[in-house]
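**Student:** Got a predicted model here, sequence first, then my questions.
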Amino acid sequence: MPNQTVKVVYQHEHISATEHSDSAFFAYADKGILSKWRGDKTVPLVEVLESFQVYQSDTKGASGMQNVASKAEMKNAFGSEDLTSVLQEILSKGKEHAMPRDARKQKQGNSSHNSTR
């Protein structure tokens, strides 16, 4: 059975009124390994995550424009710039949204396209 990528979306409740109250943070994970990790935190995050990256959306939930979250945005929302602890909170408290394979491939294609000229 092929791995299924899910988008784990977390709307943090401590975002101040001056920040984008509709923003959400998310990461991409392997659904099966994520379920295992939630029951056994000794499973390495590198096995759970599709990329060791936190993204931010300009709207609540799974849709909207996505950008890599800055350290300042993570510090404001999570009280920490530590990527590992922020990812653990997203994976622990976030909601899974299934991702069609085509959408994941397109996201990867856009990321590589944006990094080249």
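**Tutor:** Yep, it's here. Numbering: from 1, shown residues only.

**Student:** lowest average confidence, helix or strand, in the chain?
**Tutor:** Here the helix or strand of the chain ranked lowest by mean pLDDT, DSSP states H and E is helix 101-115, holding a mean of 46.

**Student:** just the strands in this structure please.
**Tutor:** 5-10, 24-30, 55-57, 66-68, 95-98 (DSSP state E).

**Student:** Export these to JSON lines and append columns for mean pLDDT.
**Tutor:** Shown next, in JSON lines, are these (pLDDT from 0 to 100):
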{"stretch": "strand 5-10", "mean pLDDT": "94"}
{"stretch": "strand 24-30", "mean pLDDT": "94"}
{"stretch": "strand 55-57", "mean pLDDT": "88"}
{"stretch": "strand 66-68", "mean pLDDT": "88"}
{"stretch": "strand 95-98", "mean pLDDT": "92"}
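
**Student:** For residue 79, which of those is the nearest?
**Tutor:** Ranking the strands of the chain by proximity to residue 79 (C-beta to C-beta) places strand 24-30 first, at 12.9 Å. Yep, even glycine has a C-beta here, placed from its N, CA and C like the rest.

**Student:** what comes up buried for that closest one?
**Tutor:** By neighbour count with 16 or more other C-beta atoms under 10 Å, strand 24-30 contains the buried residues 24, 25, 26, 27, 28, 29, 30.

**Student:** partners of the second one in the sheet?
**Tutor:** Right, residue 25. For residue 25, the beta-bridge partners under DSSP bridges are residue 10, residue 56.

**Student:** ok, now how distant is it from residue 32?
**Tutor:** Counting by C-beta to C-beta, to the nearest Å, the gap from residue 25 to residue 32 is 22 Å.

**Student:** ditto for residue 74
**Tutor:** 27 Å.

**Student:** more neighbours, those two?
**Tutor:** Using other C-beta atoms under 10 Å as the criterion, residue 74 and residue 32 rank with residue 74 on top: 22 against 13.

**Student:** how near is residue 33 to residue 11?
**Tutor:** 23 Å.

**Student:** Could you do residue 66 as well?
**Tutor:** From residue 66 to residue 11 the distance is 14 Å (C-beta to C-beta).
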